[in-house]
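*Asks:* Below: sequence and its predicted model.
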Amino acid sequence: MMRLLPLLALVPLLAGCGDDDASVQGYVEGEYLMIGLPAPGRVVSVAVERGAEVQPGQVLFSLDAVAEEAALAEARARLEQARHQRDDLLTGKRVEEISAIEARIAQAEAGLRLSAAQLKRQQNLVGSAASAEARLDESRAAVERDRSRVTELTAELALARRAARSSAVAAAEAAVDAARAAVAQFEWRLAERTARAPGAARVEDVLFRPGEETAAGRPVVSLLPRENVFLRFYLSPPLVARVAPGVRLAVACAGCADGLAATVSYVSPEAVFAPPVLYSREAKDKLVFLVEAKPQADAALLRPGQPVTLTLPKAATNP
């Protein structure tokens, strides 16, 4: 954002084209960074004050984040749940479950041995009596029953020790990936409740204080990076021929150290009538060109709105 301060209303208009060392009046301007957050909320803390110098990544302010913190905790719990389900599929059943199946197999094998022994006795004692034949049939059936039970439990044990099918594992892996993405999303939302400085800058203003509500995207802090400080001045048509992007200008201002300089960064391609900052009875009907220059020295010495004097290079002489 650009702020224009009409501080030059009483400054004389530009020097004439006949001066070899023409000096013109200008002023310091700044392009501000208006720092807000993409979601609305209540300001809970402001970590900077006006005039403070901040470094890249430094915390500027924070909004309430109770809902975001709760959502992140839930997403992390769901991720852990998905991981455990996947791991269960990869490793098969737990040791306790396998031990229980093994115990049932041992019990079934013992029953099979008993029924087999009873069948053998019945075979040795069988006679012509119908009752003996019936008991022999019962013993054969018991042996078959117990053998089937052992076979069934053995198959169940093998299944318990085997990992899940590849399709089930793939589904479990997808569930883990989805849960991990949800955690990343909620971590981002939580991080978006805190504003940080994008680079080194000076805090120009604090627009909201803790306890106040701010809308989405509304600035809470304004910053002025040093690289966003520049000089603005106007030149008459005869003088504008002396400057071009890249030309070095000497700069002087009240309280500034000697040797301050600036490099021309922009020259307006079109002339305009003198703007309000240059209005005077003599200048209001004259055409001028807008020129901007970037300070070469420490821009922290300059403040927006501060008047400066710029010395133009000498006019080129014809051979």
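*Replies:* Structure received.
*Asks:* okay, now residue 177: neighbour count?
*Replies:* Using other C-beta atoms under 10 Å, residue 177 is surrounded by 12 other residues. Any C-beta I mention is one placed from the backbone N, CA and C, and that applies to glycine too.
*Asks:* My error: substitute residue 186 in the last question.
*Replies:* 19.
*Asks:* got a list of what the nearest residue in space to it that is not next to it in sequence touches?
*Replies:* Among residues not flanking residue 186 along the chain, residue 72 sits closest, at 4.1 Å (C-beta to C-beta, 6 or more residues apart in numbering). With contact set as C-beta atoms under 8 Å, 6 or more residues apart in numbering, residue 72 has these partners: 183, 186, 187, 189, 190.
*Asks:* Please pick the buried ones from those residues.
*Replies:* Buried subset of these (neighbour count, 16 or more other C-beta atoms under 10 Å): 183, 186, 189.
*Asks:* doesn't residue 67 make contact with the second one?
*Replies:* The one in question is residue 186. No: Residue 186 is beyond contact range of residue 67, at 10.1 Å (criterion: C-beta atoms under 8 Å).
*Asks:* Could you measure from residue 210 over to residue 50?
*Replies:* According to C-beta to C-beta, to the nearest Å, residue 210 stands 15 Å off from residue 50.
*Asks:* next one: residue 223
*Replies:* Distance from residue 223 to residue 50, by C-beta to C-beta: 11 Å.
*Asks:* and if you look at residue 58?
*Replies:* Counting by C-beta to C-beta, the gap from residue 58 to residue 50 is 15 Å.
*Asks:* More neighbours: which of these two?
*Replies:* With neighbours defined as other C-beta under 10 Å, residue 58 and residue 50 compare such that residue 58 has more, 16 against 11.
*Asks:* what comes up buried for the helix or strand residue 81 falls within?
*Replies:* Using DSSP states H and E, residue 81 falls within helix 66-91. By neighbour count with 16+ other C-beta under 10 Å, helix 66-91 contains the buried residues 68, 71, 72, 75, 76, 78, 79, 82, 86, 89.
*Asks:* tell me, what's touching residue 223 and residue 50 both at once?
*Replies:* Contacts common to residue 223 and residue 50, judged by C-beta under 8 Å, 6+ apart, are 203, 204.
*Asks:* Fine by me, we can end here.
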